[in-house]
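# Please work out how this folds:
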Amino acid sequence: MARTQRRDTYPQRLKKSHITATSNKVQPPWSGQNVWRWLLTFYDEQQLQDIQKAWVLDTEEAKDAKNTIATPFKTLHLVACLSPQQGQAQHLDPGFHRLEVGLDAPLLTRQVLLTLCVGQVADTLKELEFEADVVSLHATATPWNRWTVQALARCCRRGTQVWVESHAESQEAESSLMVLLSQAGFVAQAAPSQTAPQTAATPNTPPQTSALSAPALSYTYDPQWDIKTQRRIWRSPAQEPGHCTVLGAGLAGASVAYALARRGWRVLVLDAASMPAAGASGLPAGLMAPQDSRDDSPRSRLIRAGIELTHQHAQRLLIEGQDWAPTGVMTLQMAEDLADNRTETWHPSGAWIRPGQLVRAWLAHPLITFQGHTYVARISHEGPQSWKLWDTQDQLINTSSCVVLANAGGAFELAKTCTTPLTKLPAMEQLQGVLSWGYREAEDPNFAMHPVNGYGSLIPKFPMPEGWAWITGATYEVPRNELELQQHHQHNLERLRQLQPRTAEALSENFEQNHVQHWVGTRCVNSKRLPCVGSLEASGLWIHAALGSRGLSLSALGAELLASRIGAEPWPLPKDLAQHLMVDG
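Model (predicted):
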């Protein structure tokens, strides 16, 4: 029987297509702006595509007019709300999904960051943490009431434009919405002289309109009262792209440098080592695997969102089969004292990655400069957005308007030299890990076909310069335990026996005869076992550290969150989930 071909979801169509510009004579609302934030409280795929195409056209014309590589970097943020049913149709779980649409290579001078928010609109608006420049809403696609409109107002700044999509069948709903908007501080604007033709639509479907034409019903958020912001502890004015110094050239530092460079920052990455990924990020291969929990804990949700974002980076920057592979992963959970009682869960989003390759790919951005053999001893604050970094001889290394501490345990020690008190930072400790690895035949029935994760992990097959290799582990010990290397190998073998008994049996002789190679690294973790992300000083000192053993899964997500905060942009996460990473609030 022939299979019915399933229609691609919108995220899949974005990955397969290259957005091309077409002629559009409408003056875009973002004229002259380098960053534009557009919130749509409904989901209309065609309208999203029209806005993206118009953005490409406008930035292309500006680039052609200047004809120089110095064209300002431009970012369009589109935030669209999907109902749970619409999310299910797009194969999207409830929550936020950040899709990065690169539009230029190798110098990404413009980009579209699309955030699809799956859930009830009223709940979604409460979880958004940004101020929109334009809001598109529909009178009947959302059940508007006083509280929902107030939640919408919290996503607006004074001057935000609100465009109400409408049609003849929604006059009653529009009248009710007009009253609610007026009560919340939105001021009606005169109807434009020319409006785009509107097509018929069902009451539950937003009409198709010209994406850039203000409809007959438009408002400006301009309340007569002062806008209170004391509860918005994470909101601050956008810091314009300038010069940033990132300390640390591992996954944490490289991901932040890349996120900022894509927004037009010139980034200097400093590291005490001679080359990037010299620390815990230098392991031969690592595994991205979701974490199962009965209550779908915040940690599980964060890891899932992080893997989704890292997948996009790997697909865009790495060579599949050589630097990474989206193999999926089998997760095993075993009951205590019941070796035969274990559950298996298949996660298609699992993948192995060579972390060093990802770090180097991030740092290859033209606006990023790496400087090794550089140890920063202290940081001093010399004025508004002016930070000086000094070496052990008290010689000036660099001056920047923004500094990000991403050098693992060194970040916490260095922060003490420039901020007091540091009660906002959780306690941190260093844990040493040893991975066991070796070479194998290309075809070996003793190895599983895919990675396995549980009490330890196994990547059964990945390429190394000398041939195919396997890797398993890792141990997780405080350095003061001072275990012998052979003890670490034995611990890894015991874990492997629980994960894959057949593989462990086939490799036991190699372990016993010490024919197994090793990799040693130190991870920085805190009591929450989650990264530390946020602001240490309001004037430009930030931290992105303590990724522990989840650097591959969480580094890109933490970096995107930090960059979004620096630029006052939409977050890639709901507010209630992001706060588990924040050190400042």
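# Would you mind listing the residues in contact with residue 333?
Shown in contact with residue 333 (Cβ atoms under 8 Å, 6 or more residues apart in numbering): 292, 342, 343, 345, 454. (C-beta placed from N, C-alpha, C; glycine too.)
# Need the phi and psi values for it.
As for residue 333, its main-chain torsions (degrees, to the nearest 10) stand at phi -120, psi 130.
# Identify the bridge partners of it.
Bridge pairing for residue 333 (DSSP bridges) gives the partners residue 343.
# So for it, what's the pLDDT?
Looking at residue 333, its pLDDT stands at 83.
# so how far is residue 410 from residue 286?
Using Cβ to Cβ, to the nearest Å, one gets 21 Å for the distance from residue 286 to residue 410.
# coming back round to it: from the contacts of residue 333, keep the buried residues only.
Those of the contacts of residue 333 that meet the buried threshold are residue 454, by 16 or more other Cβ atoms under 10 Å.
# Save the contacts of residue 333 as CSV, and put in distance to residue 507 and pLDDT too.
Output for the contacts of residue 333, formatted as CSV (distance: Cβ to Cβ, whole Å; pLDDT from 0 to 100):
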residue, distance to residue 507, pLDDT
292, 27, 89
342, 20, 76
343, 25, 86
345, 25, 93
454, 17, 90
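# Can you give me the neighbour number for residue 476?
Neighbour count for residue 476, taken as other Cβ atoms under 10 Å: 15.
# Okay, helices next: where are they in the stretch 51-200 of the chain?
Secondary structure of the stretch 51-200 of the chain (DSSP state H, counting those that start in this stretch): helices located at 84-89, 121-127, 146-153, 171-183.
# List the contacts of the longest one.
In other words, helix 171-183. Helix 171-183 is contacted from outside by 139, 140, 144, 145, 146, 149, 162, 164, 166, 188, 217, 219, using Cβ under 8 Å, 6+ apart.
# Recalculate using a threshold of 7 Å.
If you take Cβ atoms under 7 Å, 6 or more residues apart in numbering as the criterion, helix 171-183 is touched by 139, 140, 144, 146, 149, 162, 164, 166, 217, 219.
# Then the shortest one?
By Cβ under 7 Å, 6+ apart, the residues outside helix 84-89 that reach it are 43, 94, 118, 119.
# Low-confidence ranges, the protein, go.
Within the chain, the ranges that satisfy pLDDT under 70 run 1-28, 59-71, 102-108, 167-169, 191-216, 229-233, 335-341, 419-423, 479-483, 585.
# How is it divided into domains?
32-192+202-221, 243-578 (automatic domain parsing).
# sorry, back to before: have a look at residue 286 and residue 410 and say which one is more surrounded.
Neighbour count, other Cβ under 10 Å: between residue 286 and residue 410, residue 286 has more, with 28 against 18.
# Surely the more buried one touches residue 356?
No. Using Cβ atoms under 7 Å, residue 286 is not in contact with residue 356; the gap is 9.7 Å.
# I'd like to know which of the helices of the stretch 51-200 of the chain lies nearest to residue 302.
Nearest to residue 302, of all these, is helix 121-127, at 14.2 Å by Cβ to Cβ.
# So for the closest one, what gets flagged as buried?
Neighbour-count burial for helix 121-127 [16+ other Cβ under 10 Å]: 121, 122, 124, 125, 126, 127.
# before we move on, what about stretch 347-367?
In stretch 347-367, counting by 16+ other Cβ under 10 Å, buried: 347, 349-363, 365, 367.
# again with stretch 31-46
So for stretch 31-46, counting by 16+ other Cβ under 10 Å, buried means 34, 35, 36, 37, 38, 39, 40, 41, 42, 43, 44.
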